[in-house]
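>>> please find the sequence and the predicted model below.
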Amino acid sequence: MKRYLIFGLAVLLGVQCFCACGRQRPDKPGRIQVGVACYDQSDTFLSELIGCLREELAAQERDGLEIAVTVRDAAGSQRTQDDQVMELIEMGCGVLCVNLVDRADPSEIIDLARENDVPLIFFNREPVAEDMMQWDRLYYVGAYAQQSGTMQGELAADAILEDGQADRNKDGKIQYVVIEGEAGHQDAIIRTESAVDALKKRGIQLEKLGSGMANWDRAQAQNRMQQMIGQYPNQIELVLANNDAMALGAMDAYAKLNHTGSALPLFFGIDGTEVGLEAVVDGRLAGTVYNDKEGQARAMAQIAVAAVTGQGMDQISFEKDRYVYLPYRKITE
C-alpha cells in the first residue's frame with residue numbers, strides 16, 4: 001500500500017511539474033505565436049494595417065526564430081472579441097495585438113492577458129489612460145487623432161483659398177457637412193472638431209449644414225450623403241469625412257445622382273488607404289491625411305518580439321514607457 005501511495009505521489013508531482021514547465025515562457029523561444037484581434041476587418045484601413053503587420057513580423061524572423069500569426073475578427077462585437085482573446089491565449093499565443101471594439105471596455109481582455117502573463121499591444125483604438133496603467137505589460141501603437149483633423153482642416157483651407165470657385169454661391173461662407181465615423185468615438189469627435197478649428201484659424205467662414213454618422217463605412221456614407229444632398233440641394237460646398245472610406249462613399253452618392261463638375265463640393269478624407277490615394281491621384285478626392293500603417297505595423301512587430309524574447313525593448317522609442325505614436329502627413333497628389 002505504501003508503495004502505491006509513493007508511486008501516486010510521484011506521478012502527481014510529475015504532472016504538477018510538467019504543467020508548471022508548460023506555463024513558463026523561455027527567454028529565447030524558437031517560435032512566437034502572435035494573436036491579432038480586430039474590431040472589424042472589413043474596415044479598409046485596418047485590413048491594410050494587418051497586412052503590413054504580417055509583413056513586418058515575417059521580417060523579424062531569423063535563424064532560430066519563427067513567427068506565426070493568427071487573426072480573429074470580432075465584426076463589431078466586444079463580447080465576441082473577449083471570447084476570441086481567450087481562444088488566442090488558449091491556442092498558446094505568447095503576445096496579443098488588440099484593436100478594441102469598445103475602447104472604454106478593455107478590462108476583461110487586460111485581466112485575461114495579465115492572468116496568463118501574455119503581453120498586450122493595443123493598436124489604432126487607444127484605451128483610456130487609467131486602463132493602460134492596470135499592468136506594466138500593456139502597450140499602445142497608433143497616432144494622434146487631433147493631428148489628423150488639424151491637417152485635414154489645413155488641406156481644406158488651402159484648397160478653398162486657392163480655388164476661387166469653392167464658394168459657389170459667393171456668400172463669403174463655405175457651406176459644409178461632416179461624415180462622422182462612430183457615435184461617441186474619441187477619434188471621430190477629435191478629428192471633426194480639430195478640422196473645423198483649423199479651417200477657422202485660417203480665416204475661412206463656415207456654415208455647417210448637417211452631419212451624418214456612417215460608422216467608418218463607405219456604403220453607409222453613401223446613404224447618409226444622399227440624404228443630405230436631398231436636404232440641401234446644390235448648397236454643399238465642402239465635405240469633411242473622418243476617413244477615406246466615408247469620403248469615397250460621399251462621392252458615390254453624387255455619382256449615383258449624376259452630379260458632376262461644378263456641382264460637386266470639395267471632398268477630404270483621412271487615412272491614405274490605397275483606394276483613397278488613387279482618388280487623390282485622379283482628382284476626385286481633394287486631399288487626405290496619411291495614417292502611417294507601415295510605421296505602426298513595424299512598431300507593433302518590434303514590441304511583440306521584444307516582449308516575448310526580452311531583447312530589443314530598449315531600442316523602441318516609447319512615450320511614457322508604453323506608447324508609440326506615428327505622425328500623419330498631408331497628401332494632395
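Okay, I see it.
>>> in space, what's closest to residue 313 - neighbours in sequence excluded?
Nearest in space to residue 313, with sequence neighbours left out and distances taken as Cβ to Cβ, 6 or more residues apart in numbering, is residue 306 at 4.1 Å. All C-beta spots, glycine's among them, are computed from the backbone N, C-alpha and C.
>>> and what about the closest residue to residue 74 other than its chain neighbours, helix, strand or coil?
Nearest residue to residue 74 in three dimensions, chain neighbours excluded: residue 81, at 3.7 Å (Cβ to Cβ, 6+ apart). In three-state terms, and counting by DSSP: H, G, I helix; E, B strand; the rest coil, residue 81 is helix.
>>> residues contacting residue 81?
37, 39, 72, 74, 98, 100, 101, 109 (Cβ atoms under 8 Å, 6 or more residues apart in numbering).
>>> would you check that the second one makes contact with residue 76?
If I follow you right, that is residue 39. Yes. Here residue 39 reaches residue 76: they are 6.5 Å apart, a contact under Cβ atoms under 8 Å.
>>> overlap in contacts of the two?
With Cβ under 8 Å, 6+ apart as the test, residue 39 and residue 76 both reach residue 101.
>>> neighbour-wise, which of the two wins?
Set side by side, residue 39 and residue 76 show more neighbours around residue 39, with 24 against 14, by other Cβ atoms under 10 Å.
>>> please report phi then psi for the closest residue to the more buried one other than its chain neighbours.
Excluding the flanking residues, the one nearest residue 39 by Cβ to Cβ, 6+ apart is residue 101, at 4.4 Å. Main-chain dihedrals, residue 101, degrees, to the nearest 10: phi -70, psi -50.
>>> what's the local residue count around residue 101?
Neighbour tally, residue 101, other Cβ under 10 Å: 21.
>>> ditto for residue 151
25.
>>> tell me the contacts of it?
198, 289, 328, 329, 330.
>>> among the residues you listed, which are in strands?
289, 329, 330 (DSSP state E).
>>> just to revisit the earlier point, looking at this, the residue nearest to residue 313 is in a helix?
Yes. Residue 306: assigned to a helix according to three-state DSSP.
>>> confidence score at it?
pLDDT, residue 306: 96.
>>> relative to residue 119, how far out is it?
Separation of residue 306 from residue 119 (Cβ to Cβ, to the nearest Å): 9 Å.
>>> would you confirm that the residue nearest to residue 39 contacts residue 76?
Yes. At 6.2 Å, residue 101 counts as touching residue 76 under the criterion of Cβ under 8 Å.
>>> quick one: the helices in the stretch 1-150 of the chain, in order.
Ranges of helices in the stretch 1-150 of the chain, per DSSP state H, counting those that start in this stretch, are 2-23, 44-59, 78-90, 107-115, 129-132, 145-162.
>>> then stretch 317-329 to CSV, C-alphas only?
Provided in CSV are the C-alpha atoms of stretch 317-329 (Å, rounded to 0.1, in the frame of the first residue of the first chain):
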residue,chain,number,x,y,z
SER,A,317,11.1,55.0,-28.8
PHE,A,318,8.3,55.0,-26.3
GLU,A,319,6.4,57.9,-24.8
LYS,A,320,5.5,57.4,-21.1
ASP,A,321,7.2,53.9,-21.3
ARG,A,322,4.3,52.3,-23.2
TYR,A,323,3.0,54.5,-26.1
VAL,A,324,4.2,54.7,-29.7
TYR,A,325,2.7,57.4,-31.9
LEU,A,326,3.5,57.7,-35.6
PRO,A,327,2.9,61.1,-37.3
TYR,A,328,0.4,61.8,-40.0
ARG,A,329,1.3,63.6,-43.3
